[in-house]
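Peer 1: this one's structure only:
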């Protein structure tokens, strides 16, 4: 009985410490999961009526009880974070369907509640959660794991800072004999993914189905929400290497050959140009000289796309 009579929030706010305690108490209430019918839970974790908890935080007014006042914030919080995750994960929704996706999202957000001032970070651990909790995504867990990684990569690409671009002039400053020892950096926003499904093609197909490939980006969430009957075929398993990048404010996907992926990831790990090429190009009876035109084409493309930057 003693625990039930213990105050949940300070009776009065006299100090900054009291204010912090009140804020923490309110956060615990408004971030608590809703019921199945999207209402605030009537009982607190220790069995007390939630109305008794609410009365310690907010006063009633002539229209609403303390419980009803806090319920507004509880529902607003959950509707907003679910809405944000909903818009960030069109691929996952296409595979799972809205109802199953919401079940996944609620379970994920209970395990990993928002801990940032920005909603941008909400999906950061979704791939990890899917891998650890496959019951929410069966029978498509492997595909959903790839999609969660890919969709989080798009978020990173969108707003991560860029560095000064590496140019041919930077290479001219290096003596020819030492150019193989040069260490090139990759733009921080560039995401290199090795996946088990061609989810880039799948997402493009979803956008094409929704008529978004050349549409206004501001209409994208509402258009994707209208996709009630998905017709896009789920992708078969196939090892895929893809770069997610941006150019002139737009996000793009680019397929990579396995050797190109290995070279880029080696550069990101801090390998020299010479070491990265040795890592990427497979050893075979075929002369490495035969790789020269292909590798030159890759580097030319990467520089045009501004992927390489000064270390």
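Peer 2: That came through, no problem. Quick caveat, the model's predicted, so the values are computed rather than measured.
Peer 1: would you map the strands across the stretch 151-300 of the chain?
Peer 2: 185-186, 191-195, 240-247, 250-255 (DSSP state E, counting those that start in this stretch).
Peer 1: dump those strands into a markdown table; add mean neighbour count, distance to residue 100 and mean pLDDT as well.
Peer 2: (Glycine included, C-beta is placed from N, CA and C.) A markdown table is the format used below for the strands of the stretch 151-300 of the chain (neighbours: other CB atoms under 10 Å; distance: least, CB to CB, whole Å; pLDDT from 0 to 100):
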| stretch | mean neighbour count | distance to residue 100 | mean pLDDT |
| --- | --- | --- | --- |
| strand 185-186 | 18 | 36 | 94 |
| strand 191-195 | 19 | 22 | 98 |
| strand 240-247 | 20 | 24 | 97 |
| strand 250-255 | 14 | 25 | 95 |
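Peer 1: please list all residues in contact with the residue nearest the centre of the chain.
Peer 2: Among the residues of the chain, the one closest to the centroid is residue 152, at 2.3 Å (CA atoms, centre = their mean). Residues in contact with residue 152 (CB atoms under 8 Å, 6 or more residues apart in numbering) are 123, 124, 126, 127.
Peer 1: if we can go back for a sec, could you dump the strands of the stretch 151-300 of the chain into CSV with distance to residue 97 added?
Peer 2: Output for these, formatted as CSV (distance: least, CB to CB, whole Å):
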stretch, distance to residue 97
strand 185-186, 37
strand 191-195, 22
strand 240-247, 24
strand 250-255, 24
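Peer 1: can you tell which of those is closest to residue 24?
Peer 2: Residue 24 sits nearest to strand 191-195 of all those, at 35.7 Å, using CB to CB.
Peer 1: helices or strands up against the closest one?
Peer 2: The contact analysis (3 or more CB pairs under 8 Å, 6 or more residues apart in numbering; DSSP states H and E) places strand 191-195 against helix 141-159, strand 240-247, helix 258-268.
Peer 1: could you list the buried residues of stretch 54-65?
Peer 2: 54, 55, 56, 57, 58 (16 or more other CB atoms under 10 Å).
Peer 1: nearest to residue 167, of the residues you listed?
Peer 2: Once CB to CB is applied, the member of the buried residues of stretch 54-65 that ends up nearest residue 167 is residue 57, at 58.5 Å.
Peer 1: quick one: that closest one from residue 75, how far?
Peer 2: Residue 57 is 16 Å from residue 75, where distance means CB to CB, to the nearest Å.
Peer 1: narrow the contacts of residue 152 to those in helices?
Peer 2: 126, 127 (DSSP state H).
Peer 1: need the buried ones from the contacts of residue 152 selected in PyMOL.
Peer 2: To isolate the buried ones among the contacts of residue 152 in PyMOL, judged by 16+ other CB under 10 Å, type:
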select buried, resi 123+126+127
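Peer 1: circling back: of the strands of the stretch 151-300 of the chain, which is nearest residue 299?
Peer 2: Of all these, the one in closest proximity to residue 299, counting by CB to CB, is strand 185-186 (12.3 Å).
Peer 1: what's the domain layout of the protein?
Peer 2: 1-82, 163-198+242-309 (automatic domain parsing).
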